[in-house]
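**Student:** Got a predicted model here, sequence first, then my questions.
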Amino acid sequence: MAETHVLFVEDDDVIREATQLALERDGFRVTAMPDGLSGLDAFRAQRPDIALLDVMLPGMDGVSLCRRIRDESTVPVIMLSARADSIDVVLGLEAGADDYVTKPFDGSVLMARIRAVLRRFGHAGGAGNGEQGDAPDGGGLLVFGDLEVDTEGMEVRRGGAPVALTPTEMRLLLEFSSAPGTVLSRDKLLERVWDYGWGGDTRVVDVHVQRLRAKIGQDRIETVRGFGYKLKN
């Protein structure tokens, strides 16, 4: 099977070279770029399987680069942020990133996060074909008012019109639709959708729920304060 191709955009020479070597030792093929504009060119020319983007980049910042990539593709994107509490984390997620890692990062943490994202997108180990992972149990067409979720065809329609979701948004909706009316905690969603075997930042969940609501209807997913979210029947 072909190696998984990683686009890594980082302006710090030391971090870029060290991380590229670590990724290559772990079996990935890496294209490393020093700025946002060259990163966008490389993405368009090579169509990688996953993109790692530093938030602070010259020419075009990482959030803008993520937004441009998301306009053209559903390829998984992980943002690299220097501060866990930075507003840039939320901006990156709102731009369409699937996850983020805080710098300085431990190599094993980065590898674990990359593999978790790749598993969700249908990759295995260091190779894959970019297809979405398996849906939760229970195939067929699920209907919630004007919302239709085809769990076998992996398609969503609202009022008969197709709704374009990223694979992460699709997996989030599948979790909700597999248990309508049931409150799912943020930690449970992190475990099931993001494949976190450890505690994670619940902002990842909150921003993706916000993005999903914008596409399927603001009132379709209800916030249950102190507990989590649920899909209305």
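**Tutor:** Here it is on my side, so go on.

**Student:** can we go C-alpha only for contacts and neighbour counts from here?
**Tutor:** Will do.

**Student:** need the contact list for the residue most central in space within the chain.
**Tutor:** Nearest to the geometric centre of the chain sits D98, at 1.9 Å (Cα atoms, centre = their mean). Each residue near D98 by Cα atoms under 8 Å, 6 or more residues apart in numbering is listed here: 76-78, 117, 168, 204.

**Student:** wait, S185 sits on Y229?
**Tutor:** Yes - contact criterion Cα atoms under 8 Å: S185 and Y229 qualify, at 6.5 Å.

**Student:** quick one, which of those two is more surrounded?
**Tutor:** Remark: of S185 and Y229, Y229 carries more neighbours, 22 against 17, as counted by other Cα atoms under 10 Å.

**Student:** just how off-centre is whichever strand or helix holds that one within its chain?
**Tutor:** Counting by DSSP states H and E, the element that carries Y229 is strand 228-231. What separates the centre of strand 228-231 from the centre of its chain is 20 Å, taken as Cα atoms, centre = their mean, to the nearest Å.

**Student:** Equivalent analysis for stretch 143-158, please.
**Tutor:** Distance, centroid of stretch 143-158 to centroid of chain: 21 Å (Cα atoms, centre = their mean).

**Student:** buried residues in it?
**Tutor:** 147-149, 151, 154, 156-158 (16 or more other Cα atoms under 10 Å).

**Student:** Any figure for the gap between the most far-flung residue of the chain relative to its centre and V209?
**Tutor:** In the chain, the residue that sits farthest from the middle, by Cα atoms, centre = their mean, is G145; the gap is 27.2 Å. To V209, G145 is 19 Å away according to Cα to Cα, to the nearest Å.

**Student:** Can you pull out the low-pLDDT segments for this structure?
**Tutor:** 1-2, 84-86, 123-139, 197-200 (pLDDT under 70).

**Student:** Break it down into its domains, please.
**Tutor:** Residue ranges for the domains of the chain, per automatic domain parsing: 5-120, 141-231.

**Student:** Just put the buried residues of stretch 143-158 in CSV and tack on distance to I216.
**Tutor:** CSV is the format used below for these (distance: Cα to Cα, whole Å):
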residue, distance to I216
L147, 7
E148, 10
V149, 10
T151, 15
M154, 15
V156, 9
R157, 8
R158, 7
